[in-house]
Every structure is written in structure tokens, then in C-alpha cells.
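Chemist: no letters, just coordinates:
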């Protein structure tokens, strides 16, 4: 199943997140929703898998700083593009489909409805 491949790729990039399957599931679901909402699509398109992985990792790495755009501690400063960490990743990599009301976006690569 394709979602197992996504989970394995996330776990390889961040073993700590990979060991917490409940948190990983939550972050995947949130990221799926963010991507599909931005695209105005009815279902998730597996062509967006790379974006999904990036969003999950960004959400995990910025947990606890929600709403902040910068922080400093121990002479180290971090600055974020916006308080929504996935917005810039999604807007750069996912097309936004404009469709009339009731239109169903057609694609053979849709696998996971929300």
C-alpha cells in the first residue's frame, strides 16, 4: 500500500517520528487535508507524495512553535517563512485547480479520499 511507503520514507528521514506511529498518522492526515484543500481536489493525488513527506517533517520539526515566525535561544535564532509551515511548500509544488461547483477532478492516480 502506498501509505506504508510514505511512512517508511518519513521514518528514514526522522527515526524519532518513525517510532511514534500515532503522531505520524496525525501529521500525515493533517498534511493530506492541507494539500487537498489547497488544490481544490476531491481526493489526494499520489503525485504529491514528495510534498506530503516534506509537510509531515516540517510539521514535526516545528511542533511547539505554532503561531511563531521566529525564535531565539542560546545564541541560536530560527526564522520561518510564515506561521503555517506547510503553506509555502504546498503553494510551490501543488497546482491549484479552479473548477466549477460540482465538478469532480479526474485523475487515475487518486488513492486516498479524505
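Modeler: Looks like it came in fine. Please read all numbers here as calculations on a predicted model, not as lab measurements.
Chemist: quick check: residue 6 vs residue 76, distance?
Modeler: Distance, residue 6 to residue 76, using CB to CB, to the nearest Å: 31 Å. In this view, the C-beta of every residue, glycine as well, is placed from N, C-alpha and C.
Chemist: which one of the two has more residues nearby?
Modeler: A count of neighbours by other CB atoms under 10 Å puts residue 6 above the other of residue 6 and residue 76, at 21 against 7.
Chemist: now do the strands in this structure.
Modeler: Using DSSP state E, the strands of the chain run over residues 43-45, 70-73, 76-79, 110-113.
Chemist: the shortest one - what's its average pLDDT?
Modeler: When you say that, I think you mean strand 43-45. With pLDDT averaged residue by residue, strand 43-45 scores 84.
Chemist: adjacent strands (with direction) for it?
Modeler: strand 110-113 (antiparallel) (DSSP bridges).
Chemist: how about the second one?
Modeler: Applying DSSP bridges to the sheet, strand 70-73 is found paired with strand 76-79 (antiparallel).
Chemist: flag every buried residue along the strand it pairs with.
Modeler: With burial defined by 16 or more other CB atoms under 10 Å, not one residue of strand 76-79 is counted as buried.
Chemist: distance from the chain centre to it, please.
Modeler: Centroid displacement of strand 76-79 relative to its chain, using CA atoms, centre = their mean, to the nearest Å, is 22 Å.
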